[in-house]
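J.: with the input below, show me the fold.
(one chain, ligands or ions: 1)
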Amino acid sequence: MTQETPRKVDMEKIVSLCRRRGFIFPSSEIYGGLSSCWDYGPLGVELKRNVKEAWWRVVVQERDDMVGLDASILMHPQTWEASGHIEGFADPLVECKSCHLRWRADEIKDNNCPSCGGELTEPRMFNLMFKTFMGPIEEEADVVYLRPETAQGIFVNFQNVVNTTRKKLPFGIAQIGKAFRNEITTGNFIFRSREFEQMEIEFFVKPGTDKEWFDYWLEERLNWYVKLGLRKENLRLRQHGKDELAHYAKECHDIDYLFPMGWSELEGVANRGDFDLVQHARSSGKSMDYFDEEAKEHFVPYIIEPSAGVDRSTLAFLCDAYDEELAEGETRVILHLHHSLAPIKVAVLPLSRREPLVALAKQIHADLRQCWMVQYDDAQSIGRRYRRQDEIGTPFCTTIDFQSLEDNQVTIRERDSMNQIRVPISELKTTLAAKLSGEELFVLPPGGQIWKKEKWRHYSGKRKNCLSHKSRLNGQRWIHLLGSSSGLWDNVIFPIPRSSKSWWNHTSDPCHQVWM
Ligand code: GAP
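T.: Model prediction:
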């Protein structure tokens, strides 16, 4: 699927931006940090929350064949015997006889220590599950594990969900939650850590239809990343060889992303067959059969599992969005984050700290924050403030100047193009809402053709006029407003929702005439 030259950014730049602007900090930093654990700061927590919400929306909210779950992290220890994790969830570990550093044997190129060149021990299998104790007594009988994957919480609840929701096959259960792995080697920032979050789907299907559903989910999941802005050329699919398949998998493909350290796994899509349900049925003595009412038959469903990492997705979105360009003799750092992922959607910037400008700006801030995460910034020059917002990916800045006090209009400045338009304060929220949900603003959609040109058009009860071009691209209609008598809609492009029957909806609000 590679079409253009893949683009890599420097991991140090991403780490530095995340540290400097409060996206991600080392865990317990005042004590020197805790290896491979990370804390998400004020902007990071918003970005990560938006990644999870974007996933939940398409995976659960917008589907009839999916429900959600939030299972506990600590599970009955028998779960991990049945799942094969106690026996098989291990990596081969070698230790350097000189410096005593430990390595994953399968990641060592020659047989010497990558740090000091010393001789290595023979590999031994090291189980990656964190152990702890339930209750006040630390005895072997009280051992519990921190889950290494969220998936098992779904499998053990399969019958609960079927019985309470009356879902029919094929259907899926989705879950977002923390997982823990005592990884031998960690690193590359949040790419591989010992505590991380997963977004997992377990999709239950009739045996025999598993291949078709496997292909379906692979495509769905790949498209999710593309729709949220990852460049296609920075994504690829990689099929697991027989020797690297997990103990439960019949087939597995990784969705790889070109991270700064090279192509690495972003998400895995596996066909787990009936392995998990059969194992839990055997171990618990409880049936994991599904009764197909149409075919009047009992069977154990097969499972297709798209399993994504929240932290890895967040890192990929940051890497792909990062850009530097020269603007007015300075380097402008921009995060071209998809609007839905941007931690802050709008910044409110009064041009001065003098009254009554501040009162108006605060009023606008209070109004906009009802809808979105909004930042108020009045420190330093307006240029510096724009740069600060570009660097954290804020799609729109609203500037309030002295003219605003007279004409009740403010400026909206767009992050990527730096284009500015003036809008009446009364229409600010509606305009921002439309722009935040729009895919392309201020430019023709790629490949879009203008198919109809109109002269000044009478378009509302208020008898205002507007010059517009209409275009269609892949069934999507766009309207390009070249100019309007109010000056409000000069050179702006809006997508017309597919559900809208007409180009224009004659309500009294000019914003609605364009996109409702
Ligand atoms: N239930 C299947 C499963 O856990 P996996 O390939 O081991 O499969 C799925 O993990 C995803 O979880 C990975 O693609 C990755 O995004 C994320 N992940 C796994 N280990 C991780 C770690 N140590 N740090 C951060 N993310 C990790």
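J.: for the closest residue to the ligand within the chain, phi and psi?
T.: Closest residue of the chain to the ligand, C-beta to the nearest ligand atom: Gly309 (2.3 Å). Yep, even glycine has a C-beta here, placed from its N, CA and C like the rest. Backbone torsions of Gly309, given as degrees, to the nearest 10, read phi -100, psi 130.
J.: tell me how far it lies from Glu149.
T.: Distance, Gly309 to Glu149, using C-beta to C-beta, to the nearest Å: 11 Å.
J.: the two: who's more crowded?
T.: Gly309 (23 against 19; other C-beta atoms under 10 Å).
J.: now do the contacts for that one.
T.: By C-beta atoms under 8 Å, 6 or more residues apart in numbering, Gly309 lies in contact with 196-199, 266-267.
J.: what of Asn127?
T.: So Asn127 contacts 85-86, 89-90, 182 (C-beta under 8 Å, 6+ apart).
J.: ok, now Arg104?
T.: Taking C-beta under 8 Å, 6+ apart as the definition, contacts of Arg104 comprise 91-94, 184-185.
J.: distance check, it against Leu120.
T.: 11 Å.
J.: overlap in contacts, these two.
T.: Overlap of the contact sets of Arg104 and Leu120 (by C-beta under 8 Å, 6+ apart) consists of Val94.
J.: coming back round to it: which residues are in contact with each of Gly309 and Glu149?
T.: Common neighbours of Gly309 and Glu149 (C-beta under 8 Å, 6+ apart) are Gln198.
J.: quick one: name the residues of the stretch 201-350 of the chain near the ligand.
T.: 265-268, 305, 307-309, 311-312 (C-beta under 6 Å from any ligand atom).
J.: just those: which are in strands?
T.: 265-268, 305, 307-309 (DSSP state E).
J.: so Ala174 is in which element?
T.: Assigned by DSSP states H and E, Ala174 belongs to strand 171-180.
J.: that strand and the ligand in contact?
T.: No - figure legend: strand 171-180 not in contact with the ligand (C-beta under 6 Å from any ligand atom); closest approach 6.8 Å.
J.: parallel or antiparallel, list what pairs with the helix or strand harbouring Met199.
T.: Taking DSSP H and E as the definition, one finds Met199 inside strand 195-205. Sheet pairing here is set by DSSP bridges, and for strand 195-205 it gives strand 171-180 (antiparallel), strand 302-309 (antiparallel).
J.: what average pLDDT does it get?
T.: The average pLDDT within strand 195-205 is 98.
J.: repeat that for stretch 45-54.
T.: 98.
J.: coming back round to it: buried sites along the strand holding Met199?
T.: By neighbour count on 16 or more other C-beta atoms under 10 Å, the buried set for strand 195-205 is 195-205.
J.: can you tell me the SS state at Ala379?
T.: coil (DSSP: H, G, I helix; E, B strand; the rest coil).
J.: so the biggest helix by length in the chain versus strand 171-180, what angle?
T.: Assignment by DSSP state H gives helix 210-227 as the longest helix of the chain. If you take axes from the mean of the first three to the mean of the last three C-alpha atoms, to 10 degrees, helix 210-227 sits at 60 degrees to strand 171-180.
J.: so what touches helix 210-227?
T.: The contact list for helix 210-227 (C-beta under 8 Å, 6+ apart) reads 54-55, 58, 170, 201, 203, 205, 232, 235, 237, 250-251, 253, 255, 257, 266-267, 269, 271, 273, 302, 304, 306, 308, 313, 316.
J.: just stretch 18-33 next, same as before
T.: Outside stretch 18-33, the residues within contact range by C-beta under 8 Å, 6+ apart are 15, 17, 34, 37-44, 47, 189-190, 318, 343, 391-392.
J.: can you list the low-confidence ranges for the protein?
T.: 1-7, 438-516 (pLDDT under 70).
J.: rerun at 50
T.: Low-confidence segments of the chain, defined by pLDDT under 50: 1-2, 439-467, 484-487, 504-516.
J.: quick one, helices of it?
T.: So, for the chain - with DSSP H - the helices run 11-21, 42-56, 78-83, 85-88, 151-155, 158-165, 210-227, 275-284, 310-321, 357-368, 382-392, 402-407, 428-437, 510-515.
J.: count of neighbours near Leu349?
T.: Leu349, neighbours per other C-beta under 10 Å, totals 25.
J.: wait, what's in contact with it?
T.: For Leu349, counting by C-beta under 8 Å, 6+ apart, the contacting residues are 361, 377-378, 382, 385-386, 397-400.
J.: most neighbours among the contacts of Arg104, which one is it?
T.: Val94 (23 neighbours).
J.: in the longest helix of the chain, what counts as buried?
T.: 210, 213-214, 216-218, 221-222, 224-225.
J.: do stretch 295-305 as well
T.: For stretch 295-305, by 16+ other C-beta under 10 Å, it's 300-305.
J.: does stretch 101-110 reach the ligand?
T.: No - judged by C-beta under 6 Å from any ligand atom, stretch 101-110 and the ligand are separated, with a smallest distance of 11.9 Å.
J.: run the chain-centre distance for that stretch.
T.: In terms of C-alpha atoms, centre = their mean, to the nearest Å, the centre of stretch 101-110 is set 32 Å apart from its chain centre.
J.: send me that stretch as PDB with only the CA atoms.
T.: In PDB, the C-alpha atoms belonging to stretch 101-110 read as follows (Å, rounded to 0.1, in the frame of the first residue of the first chain):
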ATOM      1  CA  LEU A 101      22.300  -6.300  32.200                       C
ATOM      2  CA  ARG A 102      19.400  -8.500  31.000                       C
ATOM      3  CA  TRP A 103      18.200  -8.800  27.500                       C
ATOM      4  CA  ARG A 104      15.600 -10.600  25.400                       C
ATOM      5  CA  ALA A 105      17.500 -13.400  23.700                       C
ATOM      6  CA  ASP A 106      15.400 -13.000  20.500                       C
ATOM      7  CA  GLU A 107      16.500  -9.400  20.200                       C
ATOM      8  CA  ILE A 108      20.200 -10.000  20.400                       C
ATOM      9  CA  LYS A 109      22.000 -10.100  17.000                       C
ATOM     10  CA  ASP A 110      25.300 -11.800  17.900                       C
END
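J.: done for today, thanks.
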